[in-house]
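Asker: Build me a structure from this.
(one chain, ligands or ions: 1)
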Amino acid sequence: MVTAIRADWVWTAVDDEPIRDGLVIVDGGTIAAVRTFDPAAVPEGAELIYRPGEFLMPGFIDAHTHISINPEKGNQIGQLFDPIEIQTMRGVHNLQKMLASGVTTARVLGEERLLDITFKDQIAKGNVSGPNLLVSGRIISQSNGHGRAISAFDGVDEIRKGARQNLYDGADLIKIFVTGGVSSTRGGGLLKASYSREEVRAAVEEAERGGTYVSAHAIGGPGVRLAVEEGVRTIEHATMATDDDIALFEDVKPWVVLTQSIMMHPTGIEQGDADNPIIMQKLFAAREVAAERLTAIVKSNTKLSIGTDSMHGLFPFEMQTLVRWGMSNVNALKAGTIRAAEVCQVEGKTGSLEVGKAADLITLAGNPIENIDHVESARLIIKNGVRQDKLDA
Ligand SMILES: [Zn+2]
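Answerer: Residues are numbered from 1 along each chain as shown. Next comes the predicted model:
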């Protein structure tokens, strides 16, 4: 089954400039050609999809999210204790919203009861629709830490065991929590460094022994430096990173994944936890410095990507916000595609329109390099060569 897709612009994510009047040939689930449109280049018998006025590009990659959490409903940690059936129903809905916004791959950084591993498997089998997933299994946090829900891991031996169990059960990476966070009432202050150096090192050792890496929730404070120094590969949030932390990011070059909508968007924590004074106090403390700190990160040579952190459907807002902090439109688009693929270690498979890569692609109603707000207008959505925008048709 061969499909030829023609659009006014084709942007590969490798080059800055889009191809005008471009053509992408999809053969099965794979990209077979990317070029300027020419009727003679359309293979005989191919289905031709022509999208005049539209911008064809790789599907978005959400480098940090969750499946069963809805921040707008409040008490995110409490949501992880809900009956598994309720979490599953929320998850099905959330995954559909992600896909409809143009997200074709997502990295899931915290679920309980291996819900993420089950969803990854069921999506791959075609039993439920959603982006292709990278998953982290059990949340590795402390008994008194941010992110702690059902399970908790204290001390080097428990962390080793948790990491090994996750890898055995099918986790793609290990997620740990090394600082406090906004959306917990009993997890401590934002700048609390919650794991010891030895505990963080144990997680990194076990991940690397298993052929993968550690992602760490790290808002700010000494935990950020500790995580980078001990070999954590992806730093999540970094909302309160100091100039010294940013210099360390430039030096050691971990990936930093910014999650802005959950903190900045009116339907995020602001809405969900409006009646919780502890969370509101932490939210406003983070917001107070966020614009200045995130602008400093964007201006630096930090390796950056983005994630919605459960703000399902709001991935476009993450790219728009990067532009607000001074990033160019084209680099914001790269942060949400080719760079996010590197964060997820899937750059050999997806994240750009190149021959041999998976046909994960979307069209937008206009050119976002000219006007970033077009990222909100996903139309055609194809994942692994299969149309996702017409699944119900
Ligand atoms: Zn998260």
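
Asker: Could you double-check that residue 309 lies in contact with residue 65?
Answerer: Yes: Residue 309 is within contact range of residue 65, at 6.2 Å (criterion: C-beta atoms under 8 Å). Where you see a C-beta, it was placed from the backbone N, CA and C, and this is true even at glycine.

Asker: which one of these two has more residues nearby?
Answerer: Set residue 309 next to residue 65 and count neighbours by other C-beta atoms under 10 Å: residue 309 wins out with 31 against 26.

Asker: okay, how far is it across stretch 308-319, tip to tip?
Answerer: 10 Å (C-alpha to C-alpha, to the nearest Å).

Asker: swap in stretch 22-31?
Answerer: Stretch 22-31 stretches 14 Å from its first residue to its last (C-alpha to C-alpha).

Asker: just stretch 245-263 next, same as before
Answerer: End-to-end for stretch 245-263, by C-alpha to C-alpha: 21 Å.

Asker: Give the buried residues for that stretch.
Answerer: Going by neighbour count (16 or more other C-beta atoms under 10 Å), the buried part of stretch 245-263 is 245-246, 248-249, 254-263.

Asker: Relative to the whole chain's centre, how far out is that stretch?
Answerer: 14 Å (C-alpha atoms, centre = their mean, to the nearest Å).

Asker: Could you pull up the mean pLDDT of it?
Answerer: Summarised as a single mean, pLDDT over stretch 245-263 is 97.

Asker: and it with the ion, contact?
Answerer: No: judged by C-beta under 5 Å from the ion, stretch 245-263 makes no contact with the ion; its nearest approach is 6.6 Å.

Asker: same deal with stretch 126-144?
Answerer: No: with C-beta under 5 Å from the ion as the criterion, the ion is not reached by stretch 126-144; the gap is at least 9.6 Å.

Asker: Using PDB, list the CA coordinates for that stretch.
Answerer: Extracted in PDB, the C-alpha atoms of stretch 126-144 (Å, rounded to 0.1, in the frame of the first residue of the first chain):
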ATOM      1  CA  GLY A 126      -3.700  -1.800  17.700                       C
ATOM      2  CA  ASN A 127      -6.300  -2.500  20.400                       C
ATOM      3  CA  VAL A 128      -6.500   1.100  21.600                       C
ATOM      4  CA  SER A 129      -5.500   4.300  19.700                       C
ATOM      5  CA  GLY A 130      -2.800   6.500  21.000                       C
ATOM      6  CA  PRO A 131       0.800   7.700  20.300                       C
ATOM      7  CA  ASN A 132       3.600   5.200  20.200                       C
ATOM      8  CA  LEU A 133       4.900   5.100  23.800                       C
ATOM      9  CA  LEU A 134       8.200   5.000  25.700                       C
ATOM     10  CA  VAL A 135       7.500   3.900  29.300                       C
ATOM     11  CA  SER A 136       9.200   4.000  32.700                       C
ATOM     12  CA  GLY A 137       7.100   1.600  34.900                       C
ATOM     13  CA  ARG A 138       6.900   2.100  38.700                       C
ATOM     14  CA  ILE A 139       7.500   5.600  40.000                       C
ATOM     15  CA  ILE A 140      10.800   5.600  41.900                       C
ATOM     16  CA  SER A 141      10.400   8.100  44.700                       C
ATOM     17  CA  GLN A 142      11.000   8.200  48.500                       C
ATOM     18  CA  SER A 143       8.600   7.400  51.200                       C
ATOM     19  CA  ASN A 144       8.300  11.100  51.900                       C
END
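
Asker: Near the residue of the stretch 51-200 of the chain found nearest the ion, how many other residues are there?
Answerer: Nearest to the ion in the stretch 51-200 of the chain, going by C-beta to the ion, is residue 109, at a distance of 4.9 Å. Neighbour count for residue 109, taken as other C-beta under 10 Å: 29.
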